[in-house]
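Chemist: This is a predicted model, with the sequence first.
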Amino acid sequence: MEGSSGISHRTVEVNGIRMHVAEKGEGPAVLLLHGFPELWYSWRHQIAGLAARGYRAIAPDLRGYGDTDAPPDVASYTICHLVGDLVALLDALSLSQVFVVGHDWGAFVAWHLCLFRPDRVKALVNLSVAFMPRKPAAKPLDDFRALYGDDLYISRFQEPGAAEAEFARLGTATVLRKFFTYRNPGPIFIPKDGWGSPNEHITLPSWLSEEDINYFKSKFEKSGFTGPINYYRCFDLTISTRVASRKMFLSFRK
């Protein structure tokens, strides 16, 4: 499947981890950053489209996802680490600047790549996540709980192992189906008494095939959900460190 699309794959050593990168095309580089719970594969159609129009499309599995390393420590998922991975990736690929497109967590990371290293970004397109101005006294996780309660998926993700156990009970394919087909404009809630049944029937939309689900399933069964969930567990630390991170990154400008 991967080879037939003409997309090439490689592993790059960046920022102390091995990062899997999918790419296709030649020309100005476009860096595509996926969200939760996704992979480079989420951009498969855009990769082909960009390459056909004279661009070099580059889509990594972000830290903790797919075929990229997933450090076990929660503190290894701050915005400093996530942006650092991308800066190191650009260095490894000898790219001084790129166009950046982000979705969900990828959008959050993309905002901060622009904030920390604007010299590496030609232009930005972001989907689903607006920029969050700094609030020095903010505790986002407390705010989420106050607004939506303990069953909000972000709140449920905070207890080590709890979300992983629930996802294991449901099965990887069911979890992915539930996330990918969610269409309620409100937030996602994962009750402590269970997020449905592993046997529930979930109809896929026309744009998502069983083959697609099987690809995502194969990768998440290999790497697990802990790395991606650690982004949420590290959220308060990310918010509290990003001003210092910006100063550090700007000091590394060439």
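Modeler: Yep, that arrived.
Chemist: Report all helices and strands that the one helix or strand F167 maps to contacts.
Modeler: Element membership of F167 [criterion: DSSP states H and E] is helix 162-170. If you count contacts as 3 or more Cβ pairs under 8 Å, 6 or more residues apart in numbering; DSSP states H and E, helix 162-170 packs onto helix 153-156, helix 226-233. C-beta here means a position set from N, CA and C on the backbone, and glycine is covered the same way.
Chemist: Return the backbone torsion pair for the closest residue to A163 other than its chain neighbours.
Modeler: Excluding the flanking residues, the one nearest A163 by Cβ to Cβ, 6 or more residues apart in numbering is F157, at 5.0 Å. The phi and psi values for F157, taken as degrees, to the nearest 10, are phi -70, psi -20.
Chemist: Check what pLDDT the residue nearest to G171 when sequence neighbours are not counted gets.
Modeler: Counting by Cβ to Cβ, 6+ apart, P198 is the residue found nearest to G171 once chain neighbours are left out, at 4.9 Å. At P198, the model reports a pLDDT of 95.
Chemist: same thing with R134?
Modeler: 72.
Chemist: likewise the one 3 residues further on?
Modeler: Listed pLDDT for A137 reads 73.
Chemist: cool, and K247?
Modeler: pLDDT recorded at K247 is 52.
Chemist: Could you do T11 as well?
Modeler: 98.
Chemist: What lies in contact with the one helix or strand it maps to?
Modeler: Element membership for T11, per DSSP H and E: strand 8-14. With Cβ atoms under 8 Å, 6 or more residues apart in numbering as the test, strand 8-14 has contacts from 2, 18-24, 67, 85, 88-89, 91-93.
Chemist: One more: stretch 122-142?
Modeler: 28, 35, 97-105, 107-108, 110-111, 114, 154-155, 158, 235-236, 239, 242-243.
Chemist: just stretch 207-216 next, same as before
Modeler: Identification of contacts with stretch 207-216 by Cβ under 8 Å, 6+ apart yields 1, 37-39, 41, 173, 176-177, 180-181, 204.
Chemist: Let me see the contact set for the most centrally placed residue in the chain.
Modeler: In the chain, the residue lying closest to the centroid (Cα atoms, centre = their mean) is G35, at 3.5 Å. By Cβ under 8 Å, 6+ apart, G35 lies in contact with 42, 102-107, 128.
Chemist: still on that earlier bit, buried among the contacts of stretch 122-142? Need that as a selection in ChimeraX.
Modeler: Selection of buried members from the contacts of stretch 122-142 for ChimeraX, criterion 16 or more other Cβ atoms under 10 Å:
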select :35,97,98,99,100,101,102,103,104,105,107,108,110,111,114,154,155,158,235,239,242
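Chemist: how close does T226 get to F180?
Modeler: 20 Å (Cβ to Cβ, to the nearest Å).
Chemist: typed the wrong thing, it's K135
Modeler: With distances taken as Cβ to Cβ, K135 is found 32 Å from F180.
Chemist: more crowded one of those two?
Modeler: Set K135 next to F180 and count neighbours by other Cβ atoms under 10 Å: F180 wins out with 18 against 10.
Chemist: Identify the residue nearest the more buried one in space, chain neighbours excluded?
Modeler: Counting by Cβ to Cβ, 6+ apart, the residue nearest F180 is L208, at 6.0 Å.
Chemist: The nearest residue to G25 once chain neighbours are set aside: what's it in contact with?
Modeler: Leaving out its chain neighbours, the residue that sits closest to G25 by Cβ to Cβ, 6+ apart is A51, at 3.0 Å. By Cβ under 8 Å, 6+ apart, the contact set of A51 is 6, 24-26, 57.
Chemist: R120: which of these is nearest?
Modeler: R120 has its nearest neighbour among those in A57, at 17.1 Å by Cβ to Cβ.
Chemist: Alright, I will stop here.
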